[in-house]
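Engineer: for reference, the sequence and a predicted model appear below.
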Amino acid sequence: MNVVSPSKESERLIWIDAARGFAILGIFVVNIGAFSAPYFMYGGEEDAWTSAIDQNTQVFIDIFFQASFYTLFSILFGFGFQVLKERLVEKNIDVYPFLFRRLFVLIGFGLIHAFLIWHGDILLSYGVVGLFLVAFVNRKNKTLLVWGALMLGLSVSYFSKMLYDARAFLDGYDASKISQVKENYSSSDLSVILSQNASDWFYSNSLFSSFLLATTLLPLFLFGMFLARKGWLHKPDEHKRTLLIVWFISLLFFAALKLGPYSYNNPTWFSYIQDNLGGTASALFYLFSITLLARSSFGTKLIKPFTYVGRMSLTNYITQSVICFILFYGIGFGLYGSVRPIVAMGIVAVVYSLQIVSSKWWLERYRFGPLEWIWRSFTYKEKQSLRKVKRRDS
């Protein structure tokens, strides 16, 4: 009987782990703004944060972080999906039951995270949209690219046209709603907090918005699968020329679509193009940059700290939300709505630095992060060995 097992440490691509860790940092930079105040969802941040340093911080986040890192993580999700599928085939393991089981466990994590911790969860969406990804595991490379490009292109074009037609009405906000949200998240009553959290989840996950999310996430998963099949990231030395070409192209689109809109006042109606096409370009730029950096000893040292966080990405992602829950909601320190963007970046720096240190400490002793261990144990249908076996000198 063939048994599939998790990747051995020696088999890991450190630049992929580093890219995951870098994505976790970027996601935190964006998420902390949505976790600490209602403006990300309901608008009004320009009136709330009026100092030059806070507004410049918001612009910096918008250009270099917003929609760049969940897209990077999505591409890596598809990449890992393809690598796992290939390992299953090599071991002569039935692919579909294994992948479905893995996705349903992820959906379980997502439900807990979305409704008991934070409405901005992405795991539930990954798990649900990933169910559709299974249909592509045996499709040709061309099919992956065509479906991905068509879905992303049509989704972005359609919704951007809607935003353009409604551009005169996009920048208003409901001050009374913002005030109510602040009051609820500042409450010391857990039921009030969770009720507002559920309300925000349903507000941001309507049938239409869920369809838009699916038609932007699935293409990113498909692009990640394509990259894994091509092997460019597996053997960067052999594919240096190709990597440099796509790196340069992604940089051009990154600059044009993420930075470019600020040359004409960054109109709101353009935001969906900026986020989904510009975000995809910036994600690829970051991914290829990290891969190319790993080709040198200096670059390897530079990205090494991110690998620790990346190998425990699920645990670190959830941990960031738990820390924010305690910091910002009334049941904890009650800082909701009072932390300026520049201060929030300081919190990110401190928390992420601690995650590097704690992840390194953990991985020196254990094979997986604690939540990764749970995910793997359910996926493989048996309790995984967690503690590393110490080698004894003969």
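Structural biologist: That came through, no problem.

Engineer: mind listing what's buried in the strand or helix carrying residue 163?
Structural biologist: Using DSSP states H and E, residue 163 maps to helix 141-165. With burial defined by 16 or more other CB atoms under 10 Å, the residues of helix 141-165 counted as buried are 144, 147-148, 151-152, 155-156, 159-160, 163. (Glycine included, C-beta is placed from N, CA and C.)

Engineer: now the strands for the stretch 1-150 of the chain?
Structural biologist: With DSSP state E, counting those that start in this stretch as the definition, the stretch 1-150 of the chain shows no strands.

Engineer: quick one: contacts of the helix holding residue 163?
Structural biologist: 136, 139, 170, 212, 215-216, 218-220, 222-223, 225-226, 229-230, 268-273, 276-277, 280 (CB atoms under 8 Å, 6 or more residues apart in numbering).

Engineer: ditto for stretch 349-362
Structural biologist: Under the contact criterion CB under 8 Å, 6+ apart, stretch 349-362 has outside partners 24-25, 28, 305-306, 308-309, 311-312, 316, 319-320, 323, 369.

Engineer: wait, which of those residues is closest to residue 118?
Structural biologist: Relative to residue 118, the closest of these is residue 320; by CB to CB it sits at 9.4 Å.

Engineer: verify the contact between the closest one and residue 28 for me.
Structural biologist: Yes. Using CB atoms under 8 Å, residue 320 is in contact with residue 28, at 5.1 Å.

Engineer: quick one, which of the two is more surrounded?
Structural biologist: The neighbour count for residue 320 versus residue 28, taken as other CB atoms under 10 Å, is higher for residue 28 (26 against 22).

Engineer: would you confirm that the more buried one contacts residue 347?
Structural biologist: No. If you go by CB under 8 Å, residue 28 and residue 347 don't touch, sitting 9.2 Å apart.

Engineer: and the residue nearest the centre of the chain, how far is that from residue 120?
Structural biologist: Residue closest to the average C-alpha location in the chain (CA atoms, centre = their mean): residue 70, at 3.0 Å. Going from residue 70 to residue 120 by CB to CB, to the nearest Å gives 10 Å.

Engineer: same deal with residue 251?
Structural biologist: 29 Å.

Engineer: these two: which has the busier surroundings?
Structural biologist: A count of neighbours by other CB under 10 Å puts residue 120 above the other of residue 251 and residue 120, at 21 against 16.

Engineer: which non-adjacent residue is nearest that one?
Structural biologist: Take residue 120 and drop its neighbours on the chain: the residue closest to it by CB to CB, 6 or more residues apart in numbering is residue 34, 5.3 Å away.

Engineer: mind pulling up the pLDDT for that neighbour?
Structural biologist: You'll see residue 34 listed with a pLDDT of 95.

Engineer: now swap in residue 232 and tell me
Structural biologist: Looking at residue 232, the pLDDT reads 96.

Engineer: then residue 104?
Structural biologist: pLDDT at residue 104 comes out at 98.

Engineer: again with residue 394
Structural biologist: 42.

Engineer: also residue 5?
Structural biologist: Confidence score, pLDDT, at residue 5: 52.

Engineer: switch to numbering from 23
Structural biologist: Taking 23 as the first residue, the last one we looked at is residue 27.

Engineer: which residues of the stretch 73-222 of the chain fall in helices?
Structural biologist: Using DSSP state H, counting those that start in this stretch, the helices of the stretch 73-222 of the chain run over 74-86, 91-112, 117-138, 145-155, 163-187, 197-207, 212-226.

Engineer: kindly report the same for the stretch 223-372 of the chain.
Structural biologist: 229-252, 262-276, 293-295, 301-315, 319-333, 335-350, 363-385.

Engineer: of those, which approaches residue 135 most closely?
Structural biologist: helix 335-350 (6.1 Å).

Engineer: who touches that closest one?
Structural biologist: 42-43, 45-46, 49-50, 53-54, 57-58, 95, 131, 135, 139-140, 143, 145, 207, 331, 353-358, 361, 369, 373, 377, 381, 391-394, 397.

Engineer: how does it look with 7 Å?
Structural biologist: 42, 46, 49-50, 53-54, 57-58, 135, 139-140, 331, 354-355, 357-358, 373, 377, 381, 391-394, 397 (CB atoms under 7 Å, 6 or more residues apart in numbering).

Engineer: and the residues you listed, which are buried?
Structural biologist: 42, 46, 49-50, 53-54, 57-58, 135, 139-140, 331, 354, 357-358, 373, 377, 381, 391, 393-394, 397.

Engineer: count the residues that sit near residue 97.
Structural biologist: The local packing of residue 97 (other CB under 10 Å) involves 27 other residues.

Engineer: brain fart, residue 280
Structural biologist: The burial count for residue 280: 24, using other CB under 10 Å.

Engineer: with residue 252 instead?
Structural biologist: Neighbourhood size, residue 252 [other CB under 10 Å]: 12.
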